[in-house]
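Asks: Dropping the sequence and predicted coords here.
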Amino acid sequence: MARLRIRTPADFGFLPAVYSHGWFQCAPFHWEQETGILTRVVRDEGGLPALLRMSEPARGTLEVTVGVEGRLSPDARRYFASLVTRMLQLERDISGFHALCRRHDHLALLPALGAGRLLRCPTPWEELVRAIAATNVAWPQAVRMISLVAGLGEPIDGMHAWPAPGRVLEAGEEKLRERCRLGYRAPYIIELAARIVNGELDLEPIRRGEVPDDELRKLFLGIKGIGPATTDYLMILSGRTDRLSIDSAVYAYVGETHFGGERPDAEQIERLYEPFGQWRALAFWFEFLQEKWWRPAGFDFRER
């Protein structure tokens, strides 16, 4: 095992990032609540699977163990650190969001918690497949489908690496339908994998954050199985937080919380969060998390 220590921004909290949405529940992530360790299968620079185990022994420091033999070269250390940085959005400047939170009572706790970053995957390819699998389905079923897709990858220490696009093509549509329970989503994922393998779709500029907002939105909308709400969700994951992702859950929550149980329309929801400007998507999401998940579950990250 090789070890890395990564200094984190002063406004970063590990647990709020892990609990920022449900992806930590889906393989090849594995969360150990008792120990506070997030394990993740990644690929090394040569494409071989490796285990990363991440924890926060003290605020401001991440301890990362990498399941490889021997010492890591400087290039390898930088590579694995870059994966952690992407997954936890350590490079993301959210100081403006925290400044806004301090002016609103229902969000005022978030800066102290270090909340505001969303857990990501190592690659856009994985995020796109997860987004397709999680569309128009209850979350427990989405977790099952995503984890079954992960099972197509190479095994390592009882887990599996996320399958490369070529491996998904080898598995074929029938296996995605039957074994992974993806149903009508299977051909969409097969087509996406084929576009990547044949070079039609290059995801590297997305991974590097080089695609302008309008082009990125158009690219997401051009992928079968990804509609407007899912596109907005992917944009938020990509750091574009000035637009809400409005789906049935948003209508239900906002109606219950802000409109006395009456269902609002999209324009009313937009007006409600318009004062949060470029941070409106985070303002909604972390309000929702606090009210519908963190508080009911008894989470108090200040105790960690």
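Replies: Received the coordinates, thanks.

Asks: What separation do you get for the residue nearest the centre of the chain and residue 3?
Replies: Taking Cα atoms, centre = their mean, the centroid of the chain lies closest to residue 120, which sits 3.2 Å from it. In this view, residue 120 and residue 3 are 23 Å apart by Cβ to Cβ, to the nearest Å. Yep, even glycine has a C-beta here, placed from its N, CA and C like the rest.

Asks: do residue 179 as well
Replies: In terms of Cβ to Cβ, residue 179 sits 37 Å off from residue 3.

Asks: Specify the residue positioned farthest from the middle of the chain.
Replies: Furthest out from the centre of the chain (Cα atoms, centre = their mean) sits residue 260, at 31.4 Å.

Asks: Now do the helices in the stretch 101-250 of the chain.
Replies: For the stretch 101-250 of the chain, helices defined by DSSP state H, counting those that start in this stretch occupy the ranges 110-113, 124-133, 139-150, 165-178, 186-197, 204-207, 213-221, 228-237, 248-258.

Asks: between the ones you listed, which one is nearest to residue 85?
Replies: Minimum separation from residue 85 across the helices of the stretch 101-250 of the chain (Cβ to Cβ) falls at helix 204-207, 12.0 Å.

Asks: picking up where we left off before, leaving out sequence neighbours, find the closest residue to the residue nearest to the centre of the chain.
Replies: Using Cβ to Cβ, 6 or more residues apart in numbering and skipping the chain neighbours, the partner closest in space to residue 120 is residue 87 (5.1 Å).

Asks: Within the helices and strands, which one has that neighbour?
Replies: helix 74-88 (DSSP states H and E).

Asks: Now do that helix: which elements does it pack against?
Replies: Here helix 74-88 touches strand 2-7, strand 37-43, strand 49-58, strand 61-66, going by 3 or more Cβ pairs under 8 Å, 6 or more residues apart in numbering; DSSP states H and E.

Asks: For the longest one, buried residues please.
Replies: If I follow you right, that is strand 49-58. By 16 or more other Cβ atoms under 10 Å, the buried positions in strand 49-58 come out as 49, 50, 51, 52, 53, 54, 55, 56.

Asks: cool, and the first one?
Replies: Judged by neighbour count using 16+ other Cβ under 10 Å, the buried positions of strand 2-7 are 2, 4, 6.

Asks: Within the sheet, what are the partner strands of it, with directions?
Replies: strand 61-66 (antiparallel) (DSSP bridges).

Asks: Extract the CA atoms of the strand it pairs with and return them as PDB.
Replies: C-alpha atoms of strand 61-66 as PDB (Å, rounded to 0.1, in the frame of the first residue of the first chain):
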ATOM      1  CA  THR A  61      -6.200  16.700   5.400                       C
ATOM      2  CA  LEU A  62      -7.200  13.700   3.400                       C
ATOM      3  CA  GLU A  63      -5.400  10.400   3.900                       C
ATOM      4  CA  VAL A  64      -5.400   8.300   0.800                       C
ATOM      5  CA  THR A  65      -4.100   4.800   0.500                       C
ATOM      6  CA  VAL A  66      -3.500   3.300  -3.000                       C
END
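
Asks: Hey, what's the angle from it to strand 37-43? Just curious.
Replies: 50 degrees (axes from the mean of the first three to the mean of the last three Cα atoms, to 10 degrees).

Asks: tell me which helix or strand of this protein sits lowest on mean pLDDT?
Replies: The helix or strand of the chain with the poorest confidence is helix 295-297; it has a mean of 83 (mean pLDDT, DSSP states H and E).

Asks: from the chain's centre, how far out does it sit?
Replies: Helix 295-297 sits 21 Å away from the centroid of its parent chain (Cα atoms, centre = their mean, to the nearest Å).

Asks: Which strands or helices does it pack on?
Replies: For helix 295-297, there is no helix or strand it packs on, judged by 3+ Cβ pairs under 8 Å, 6+ apart.

Asks: which residues touch it?
Replies: By Cβ atoms under 8 Å, 6 or more residues apart in numbering, no residue outside helix 295-297 reaches it.

Asks: Kindly report the same for stretch 107-116.
Replies: So stretch 107-116 is contacted by 11-14, 16-17, 20, 59, 94, 97-98, 100-102, 282-283, 286-287, 290, 301-302 (Cβ under 8 Å, 6+ apart).

Asks: 6 Å instead, please
Replies: 11, 12, 13, 16, 94, 97, 98, 101, 102, 282, 286, 301 (Cβ atoms under 6 Å, 6 or more residues apart in numbering).
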